[in-house]
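Predicted model and sequence follow; I will ask about them next.
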Amino acid sequence: MQDRRKLTDSKINEDLLRSVDHTPRAFWIVAGFLTLWIGGGLFALGNMLFWGLGVTGLNRPVMWAFFVTNFVFWVGISHAGVMISSILRLTHAEWRRPVTRAAEVLTVFALSTAALMPIIHAGRPWRVIYWALPYDFNRGVWPSIRSPLIWDPAAIATYLTGAALFIYTTMLPDLAVLRDRAWGKRPLRFWLYAILSLGWRGSSRQWKLQALAGILLSAVILPVFVSVHSIVSWDFAVALVPAWHATIFAPYFVLGAIHSGVSAVVTLMALMRRFFHLEDYITPDHFDALGRLLIAVALGWFYFFFIDFIFGLYSRESAEVAVMELRLFKAPYNILFIIFIFTAFLIPVPLWFMRRVRRSVLLMFITTILVNIGMWLERFIIIVPGLQYKQPLDFTWGEYSVSITELAIVSSTFAVVSLGILLFSKLFPLVPLSDQKEGQRLQDEIEIGKRSVPAVIREE
Amino acid sequence: MRRDREQPNEVRVTTPEEITGDVLRRYQAVGRGYWIAAAVTAALFLVGVMGLAFRLAGGTQDQAAWGYYAATFAYLLTTVQSAPLVSMGLLFTKAHLQRPISRSSLLFAFPGLLVFLLFIPLLPLIPPTKGRNSLWFEWPVGAPHVFDTLALGFLVLSGLVYLWMASWPDLLTVRTHGRGWRPRLAGFLAPHWQGTQGQWRVLKKALVFLGALYFVALVFTNSILSSDLSMSLVPGWQSAIYPPYHVLTALQGGVAATIVAMGIWRWTGFRSYLLFDHFWALGKLLLTLSLLGIYFWWSEFIVYWYGRTPREQMVLQLVMVGPYLPVFLSAFFFSFLVPLLSLIWNRVRQSILGPFLVACSVLLGLYLDRIRLYVTAFAAAQVSEHPIEQVPAAHLPDGADIMMMVGLPAGAILLYLVASRLVPGISIWELKESLLLRKARRFVQGYAVTLGKPE
């Protein structure tokens, strides 16, 4: 980190709590717009619940499509939080400091939204209760625990709990600052923060316990992090559907999730920097570091994608080859495939190799948006052509085409996540105050000859 | 296994002159232990070469007879040839930790020469791609033989070039401060190096570039060789995760080999440089890679288990639960369960002996793992063009196999010993650099260390 700024504690408080203390008109405009957008989605959902799944484009044999794609996409985005917070914390990466909270918040809202998608996809959401949970103890009716569809709720619930705990534990010192600032001015908020901050006084014992909890949670959540998208991948891979039944799916999905998740964090960072005026905290150095991380992740992901692709053709089985042909040569999948490969890899990754691009907030914003367009399409291309392939001896055959209802519902999930983050920023800081202050104290310099080298203090 | 508290985390030698003098003295003093180790490994290597000669005399018609040789080759590829990556990886992450470890891992690039030579007898055993499943799809011309050879040759060469370039500054030190024949050798190996600012700049950039190149080459080579020498030989074995699994276990083997080498360096004189912190850090890395190994294995197993097609059941029988079940279980135990069940404990992880013993276990486990993957593949090769219908019986090693399995890894150790006499076993320039970039200082009520992070 070469671009260092000396900031006082009061300046940090003032800057990072601006979104909590002030509510500009733009906030209401954006919040109102997002609420309207969500309203549109809810209307479409109500329409679907009233008329049934017939209003969607789902058609035998393609009964998993837009909603399931969106589910996989949001679970993928939710991998950003742990990747950034947990792994970077354990590896002592200094540049993580302004990034962590936003990534964790994105995780929670993305995961909550993802969890909604299978429920919506069920068409009759109330039925999900007895598909996923034991409901009739007397008659011994249980969900099949051998099904990955049952592992999903368990994995997502565990991950959501862990991620929420992660945010909460790391936010305790900030909640105490908010509590102290609200004293005598905003009684309602004071009580909210007082309850949430659990009597945080900043004693050395409390700091020690909080640091320990952070490390423990980081280590414990990592296996959960890997398991969530692995289980999502096994929803597909354990079935004998051509192009789904691949041993590589679990790590391939996890890497894809990190690729799209970290990209989403970069997008969010660019927006926060612009709209919350955080130029002193989110600097080009951070985009540079995240860009380097993205290069490594994207190359790893592409290796797995390529191997998966090659092994789809490896055995030259007619069904696998037919699905590949569907993906590559038949419209609209071929067009989507080209858009996917260019936006998820071929355009952004070569650009990220250029330092100037990595340090440009605007270009990082654009390239990471592209990545997530591509990664959404990637999930669609994995899911739909595999089902669309015509199996022998099947006589009911239809083509899948997306309906306006699906588009409205799926697009509104983006508004749900955005509004969630926006409302969170009204109550809590999106950049951790305590982490920033610690980072300031740990900054140092080492003189070598006439040069001064940026340095960081580490406990021995 | 107690945390080695008596060793301070700072190196004892605290000035550049002390480092130069100390490392050079140890480098130039060849003890009796070294000669004994060299003599023993040379004798064993001779035995291995004789075993290979016996095998070659038997011809290449009996593919199953070459299974253990292929496993030995794959084992050396996934341990010796990937160990240099530890140094390169730590360089990428700008970890100060890397400095004393660097040379211990880089010296493994030299035995890469043996890995390349061992590949040549395997070439006639790889069938042409026509009429069978292969990563090359009967294309391009010359695949897989030419491309496999080129990939491995490039990997070995880039490792050697990296070792050579990373040693330039130390070779200058040897040239100016060394005794006997060493300055002449150092002058021959790096005649141009003067340590000018421009040369340093080029060297640093070149090391980063070469390191990245080496990583890509390692992934590519492991991916294609693992497929060409095992999976694609077995009709019906079609597992996309197999090449990444091979790469991952190569990283695991590289870290394990580096830890073992570090332990030996430490106990033979470099106690002041290879400290508790280094073993602890690499122990954590080994634990992570072992966990990922379990994850990759499970990802393959669960898909086959649920798929349950006849083809998949046959593959499971062949490489896991059939005649090679004891080998599979032993491999799994030594390379995955031992690291998991031991390194999760602080007392084991935070020690020197703990990671060292676990690394030895991993090296043993990986050898068994290569046996289960390569011996089975060579035994089942070309049973028919269709997925195998009957799993062949376990193929036990004969005398020549045992000679090769013992002798050829000994040859790799011998070459490592030779390399350790060509350049100092600890990177002098990197240690000196760390003195500039690492300062102890008071912080609040205790002590802390300030680490410089130049761009």
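Received the coordinates, thanks. Numbers count the residues shown, from 1 in each chain, chains lettered A, B, ... in the order given.

do you know how far the nearest residue to A:P348 once chain neighbours are set aside is from chain B?
In space, and not counting its chain neighbours, A:P348 is closest to A:T367: 4.0 Å by Cβ to Cβ, 6 or more residues apart in numbering or on different chains. Every residue, glycine included, has its C-beta placed from N, CA and C. According to Cβ to the nearest Cβ, to the nearest Å, A:T367 and chain B sit 21 Å apart.

I figured A:T367 hits A:L346, correct?
No - the pair formed by A:T367 and A:L346 falls short of the contact definition of Cβ atoms under 8 Å, at 11.4 Å.

what residue ranges in chain B score low on pLDDT?
B:1-13, B:381-385, B:455 (pLDDT under 70).

Quick check, central residue of chain A?
Among the residues of chain A, A:I77 comes closest to the average C-alpha position under Cα atoms, centre = their mean, at 2.1 Å.

residues in contact with it?
For A:I77, the contacting residues are A:L106, A:T107, A:A110, A:A114, A:A257, A:S260, A:G261, A:A264, A:N372, A:V417, taking Cβ atoms under 8 Å, 6 or more residues apart in numbering or on different chains as the criterion.

which of these lies closest to B:D228?
Top of the list for closeness to B:D228, among the contacts of A:I77 and by Cβ to Cβ, is A:A257 at 31.0 Å.

And the pLDDT for that closest one?
The predicted local confidence for A:A257 comes out at a pLDDT of 95.

The host helix or strand of it near chain B at all?
Element membership of A:A257, judged by DSSP states H and E, is helix A:249-275. Yes - judged by Cβ under 8 Å from any Cβ of the partner chain, helix A:249-275 comes into contact with chain B through A:F249, A:A250, A:P251.

need the contact list for the first one.
Shown here is A:F249, whose contacts under the criterion Cβ under 8 Å, 6+ apart are A:S233, A:W234, A:F236, A:A237, A:D308, B:S299, B:V303.

Which single one of those residues is nearest to A:N59?
A:N59 has its nearest neighbour among those in A:F236, at 19.3 Å by Cβ to Cβ.

quick one, whichever strand or helix holds that closest one and helix A:249-275 angle?
For A:F236, the element it lies in under DSSP H and E is helix A:204-237. Here helix A:204-237 points in a direction 130 degrees away from that of helix A:249-275 (axes from the mean of the first three to the mean of the last three Cα atoms, to 10 degrees).

how many other residues sit next to the residue lying closest to B:L123 once chain neighbours are set aside?
Nearest residue to B:L123, sequence neighbours excluded (Cβ to Cβ, 6+ apart): B:H145, at 5.4 Å. Under the neighbour criterion other Cβ atoms under 10 Å in any protein chain shown, B:H145 is assigned a count of 15.

cool, and B:G142?
The local packing count at B:G142 equals 12, with neighbours defined by other Cβ under 10 Å.

got it, and B:P454?
Other residues lying near B:P454 total 15 when counted by other Cβ under 10 Å.

what about it, is that helix, strand or coil?
coil (DSSP: H, G, I helix; E, B strand; the rest coil).

quick one, strands of chain B?
Under the criterion DSSP state E, chain B contains strands at B:438-443, B:446-452.

What pairs with the first one, parallel or antiparallel?
To tie it back to what came earlier, the one meant is strand B:438-443. Paired with strand B:438-443 in the same sheet, following DSSP bridges, are strand B:446-452 (antiparallel).

Let's check: the centremost residue of chain B is which one?
For chain B, the residue sitting closest to the mean C-alpha position, by Cα atoms, centre = their mean, is B:T79 at 2.6 Å.

show me what contacts the nearest residue to that residue once chain neighbours are set aside?
For B:T79, ignoring the flanking residues on the chain, the nearest one in space by Cβ to Cβ, 6+ apart is B:G253 at 3.8 Å. In this structure, B:G253 makes contact with B:Y75, B:T78, B:T79, B:S82, B:A83, B:V362, B:L363, B:L366, judged by Cβ under 8 Å, 6+ apart.

Am I right that B:L437 is in contact with A:P454?
No - look at B:L437 against A:P454 with Cβ under 8 Å: they stay out of range, at 10.6 Å.

Need the overlap of contacts for those two.
Contact with both B:L437 and A:P454 is made by residues B:G452, B:K453, B:P454, according to Cβ under 8 Å, 6+ apart.

okay, now the residue lying closest to B:P243 once chain neighbours are set aside: neighbour count?
Nearest-residue entry for B:P243: B:S223, 3.8 Å, with adjacent residues in sequence omitted and distances by Cβ to Cβ, 6+ apart. Using other Cβ under 10 Å, B:S223 is surrounded by 21 other residues.

low-confidence ranges in the stretch 201-350 of chain A?
For the stretch 201-350 of chain A, no stretch is flagged by pLDDT under 70.

Can you pull up the residues of it that come close to chain B?
Contact residues, the stretch 201-350 of chain A versus chain B (Cβ under 8 Å from any Cβ): A:223, A:226, A:230, A:234, A:237-238, A:240, A:245-251, A:303-304, A:307-308, A:310-311, A:313-316.

gap between the closest residue to chain A within the stretch 1-150 of chain B and B:L185?
Using Cβ to the nearest Cβ, B:N133 is the residue of the stretch 1-150 of chain B that sits closest to chain A, at 5.7 Å. Relative to B:L185, B:N133 is positioned 49 Å away (criterion: Cβ to Cβ, to the nearest Å).

can you check B:Y324 too?
Taken as Cβ to Cβ, the span from B:Y324 to B:L185 is 47 Å.

Tell me which of those two has more neighbours.
The residue with more neighbours, out of B:Y324 and B:L185, is B:Y324; 24 against 17, by other Cβ under 10 Å.

What residues sit buried inside stretch A:216-236?
Applying a neighbour-count criterion of 16 or more other Cβ atoms under 10 Å in any protein chain shown, the buried positions in stretch A:216-236 are A:217-218, A:221-222, A:224-236.

hmm, back to that, what's the local residue count around the residue lying closest to the residue nearest to the centre of chain A once chain neighbours are set aside?
Nearest non-adjacent residue to A:I77, counting by Cβ to Cβ, 6+ apart: A:A110, 4.1 Å away. A total of 28 residues lie near A:A110 under the criterion other Cβ under 10 Å.

what helix or strand does A:A110 sit in?
helix A:100-121.

Determine the set of other helices and strands touching that helix.
Counting by 3 or more Cβ pairs under 8 Å, 6 or more residues apart in numbering or on different chains; DSSP states H and E, the packing neighbours recorded for helix A:100-121 are helix A:66-77, helix A:79-82, helix A:148-182, helix A:249-275, helix A:404-427.
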